[in-house]
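Enquirer: compute the structure for the input listed below.
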Amino acid sequence: MAGGEDTNPFAADDDVNPFARTSSTNSRPRQLPPERATYSDATVNIPLDGAKDLRKREMELQAKEDELNKREQELKRKEDAIARAGIIIEEKNWPPLFPIIHHDIANEIPIHLRKLQYVAFTTWLGLILCLVWNFIAVTLAWINVAGVKIWLLAIIYIISGVPGSYVFWYRPLYRAMRTESALKFGIFFFAYIFHIGFCCLATIAPPIFFDGKSLTGILPALEMFNENLVVGVFYIVGCAFFAVESLISIWVIQQVYMYFRGSGKAAEMKREAARTMAAL
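Expert: Below is the predicted model:
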């Protein structure tokens, strides 16, 4: 331009050129050091066949469950067949500490017959008591007064009397009360008469039926008082036991016979006997 100074507008700004690289180290951008990749030696076990094992276990459990269901159905079928046939499975539950017989009056005997059945059960236990006491008394007599023969007879009485009374008359009565079987009633009456006869004879113990002093009847007890007072007392107690047993047993057979006649079982038994004779 005339009379003026031609100046570059960018000349004064060379020091502040934004595109120029600065020489200052503080204005230089900071670079982060590269990170080192770390690798772990631990390996992760991924079960490839875990699903197969789980499926296999499920199949095994299902097979066991099916087998149990099959057995349960088979057992149910057998129980139903047994029930239809009239067979009663008896589980041993008495005495509680050492079960050897089946006995459940409260659940198996009709309510109107339970009292009579309990009294009959008392006579069975009473017979056991009589025979055990008789054995103790005769053992004392053998040691102090008499010979070994009466002691051996006392052993025979207790060994044969306890199981024999249960098999021949108490169990038939129990089943007769439970099932209303006329045949079982007949077996009971036949065997129980012998039981009453034995108890009555044992109360007296005449020497014509029993050898010497093998039973604690009134006659041997009187003789024992003259020979040994202690043994005589044991014989008197045994005689009382047999006497009470005889009286209660007579009451039981009367009550059972009254029920037997009143329930019509006597007529049923006669009809069965007539049919049996006709078949022969």
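
Enquirer: can you give me the pLDDT of Gly232?
Expert: If you check Gly232, the pLDDT there is 94.

Enquirer: meant to ask about Leu113
Expert: At Leu113, the model reports a pLDDT of 93.

Enquirer: same check on the one 10 residues further on?
Expert: At Thr123, the pLDDT value in this model is 97.

Enquirer: contacting residues around it?
Expert: Contacts for Thr123 (Cβ atoms under 8 Å, 6 or more residues apart in numbering) come out as Glu245, Ile248, Ser249, Val252. For glycine as for every other residue, the C-beta is placed from the backbone atoms N, C-alpha and C.

Enquirer: my guess is Ser263 meets Met177, correct?
Expert: No - Ser263 is beyond contact range of Met177, at 10.8 Å (criterion: Cβ atoms under 8 Å).

Enquirer: more crowded one of those two?
Expert: Met177 (23 against 14; other Cβ atoms under 10 Å).

Enquirer: where does the more buried one land in three-state SS?
Expert: Put simply, Met177 is helix when judged by DSSP: H, G, I helix; E, B strand; the rest coil.

Enquirer: for it, what are its contacts?
Expert: Counting by Cβ under 8 Å, 6+ apart, Met177 touches Ile109, Pro110, Leu113, Leu116, Gln117.

Enquirer: need the residues you listed in JSON lines (columns: secondary structure, neighbour count and distance to Cys239).
Expert: Below are the contacts of Met177 laid out as JSON lines (DSSP: H, G, I helix; E, B strand; the rest coil; neighbours: other Cβ atoms under 10 Å; distance: Cβ to Cβ, whole Å):
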{"residue": "Ile109", "secondary structure": "coil", "neighbour count": "17", "distance to Cys239": "33"}
{"residue": "Pro110", "secondary structure": "coil", "neighbour count": "10", "distance to Cys239": "37"}
{"residue": "Leu113", "secondary structure": "helix", "neighbour count": "19", "distance to Cys239": "32"}
{"residue": "Leu116", "secondary structure": "helix", "neighbour count": "18", "distance to Cys239": "27"}
{"residue": "Gln117", "secondary structure": "helix", "neighbour count": "23", "distance to Cys239": "28"}
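
Enquirer: tell me which two of those sit farthest apart.
Expert: Pro110 and Leu116 (10.3 Å; Cβ to Cβ).

Enquirer: which non-adjacent residue is nearest Tyr257?
Expert: Phe189 (7.2 Å; Cβ to Cβ, 6 or more residues apart in numbering).

Enquirer: give me the three-state assignment for that neighbour.
Expert: Following three-state DSSP, Phe189 is assigned to helix.

Enquirer: how much space between the residue sitting nearest the centre point of the chain and Tyr170?
Expert: The centroid of the chain falls nearest to Asn93 when counting by Cα atoms, centre = their mean (5.7 Å). Relative to Tyr170, Asn93 is positioned 16 Å away (Cβ to Cβ, to the nearest Å).

Enquirer: equivalent analysis for Leu153, please.
Expert: Going from Leu153 to Tyr170 by Cβ to Cβ gives 23 Å.
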